[in-house]
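Undergrad: Have a look at this prediction, sequence included:
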Amino acid sequence: QKEVEQDPGPLSVPEGAIVSLNCTYSNSAFQYFMWYRQYSRKGPELLMYTYSSGNKEDGRFTAQVDKSSKYISLFIRDSQPSDSATYLCAMSATGGFKTIFGAGTRLFVKA
Amino acid sequence: KAGVTQTPRYLIKTRGQQVTLSCSPISGHRSVSWYQQTPGQGLQFLFEYFSETQRNKGNFPGRFSGRQFSNSRSEMNVSTLELGDSALYLCASSYGGSGYTFGSGTRLTVV
C-alpha cells in the first residue's frame, strides 16, 4: 500500500463547476499538507500549504485536512479552462522536507 | 526574483553512460531536493541537501548520487544508465520548510 493514495482521474468538468480533489494517507506522522499544480512540460507549482487539521482558503481554492480520517481535499470554485492541469497532493512529517507526493489527478475544465 | 534553474532541459544518453544534471536554487534557499517523475511511479524522492550535507535519501540505488556546493547549487549524477532511468528529473528548493519551488526539470531519455 502506498503512503499516499490519489485517484489519477482524469476528471472532466464544465467551466464554472466546483471541483473536489482528494487524497488519503496512511502515515499518522504527516503534519504538513500541500497541493501542487503541474502544467504540461512544467515543474509542479505550490498552490496550498497547511499545517495539521483544518481549512485554508486562498481565492477560488480551499484546502481541507482531516487528520482523524487521514483525508485531505482541495476544492476549486468557479473552475476555469486555465485550471486544466495535474493536481498533486503532498505530505511531510518534517515541515516540507522529504515530501511524499500522490500520483496526481488530471483535471480537464471544458469551456 | 529568479526561480529554480535546471540544466540541461533535455538530454539523450545511451545505456551504460553516466549523466550529470545541474540545479541552481532560488537565492537564499539552502535546501535542495531532487525528485524523479515517471508516468508509472509519479514523483519519487531521490535526496535532499542542506548546507552541502545530504540530509535525506530516498530508495534509489547507489548509481544515483548528488552533491551541493557552498553557493547552494546542486548536481545529481546517474552512473551506468539503464532504460528505466528515463524520466523527468525535478529539482526543488525550499526555505524554512515552507513548501517547494520546483524547476522545470531535465527530461532524460536513455536509449
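TA: Everything's here; your move.

Undergrad: Spatially central residue in chain B, please.
TA: Nearest to the mean C-alpha position of chain B, by C-alpha atoms, centre = their mean, lies B:W34 at 3.5 Å.

Undergrad: now the helix or strand harbouring that one: mean pLDDT?
TA: Using DSSP states H and E, B:W34 maps to strand B:31-38. Mean pLDDT, computed over strand B:31-38, is 96.

Undergrad: List the pairing partners of the helix or strand following it within its sheet, with orientation.
TA: Using DSSP H and E, the next helix or strand after strand B:31-38 towards the C-terminus is strand B:42-50. Strand B:42-50 sits in its sheet next to strand B:31-38 (antiparallel), strand B:53-57 (antiparallel), going by DSSP bridges.

Undergrad: if you compare those, which one is most tucked away?
TA: Ranked by mean neighbour count under mean count of other C-beta atoms under 10 Å in any protein chain shown, the strands paired with strand B:42-50 are led by strand B:31-38, which reaches a mean of 23. Where you see a C-beta, it was placed from the backbone N, CA and C, and this is true even at glycine.

Undergrad: Need the per-residue pLDDT for A:G95.
TA: 64.

Undergrad: swap that for A:Y71, sorry
TA: Here the pLDDT value assigned to A:Y71 is 96.

Undergrad: How many residues are close by it?
TA: Per other C-beta atoms under 10 Å in any protein chain shown, the neighbour tally for A:Y71 reads 13.

Undergrad: Please write out the alpha-carbon positions of the strand holding B:W34 in PDB.
TA: The C-alpha coordinates for strand B:31-38 follow below in PDB (Å, rounded to 0.1, in the frame of the first residue of the first chain):
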ATOM      1  CA  SER B  31      17.700  23.300   0.900                       C
ATOM      2  CA  VAL B  32      17.700  21.500  -2.500                       C
ATOM      3  CA  SER B  33      15.700  18.300  -3.100                       C
ATOM      4  CA  TRP B  34      15.700  16.100  -6.200                       C
ATOM      5  CA  TYR B  35      12.800  14.000  -7.500                       C
ATOM      6  CA  GLN B  36      12.300  11.600 -10.300                       C
ATOM      7  CA  GLN B  37       9.000  11.800 -12.100                       C
ATOM      8  CA  THR B  38       7.700   9.000 -14.400                       C
END
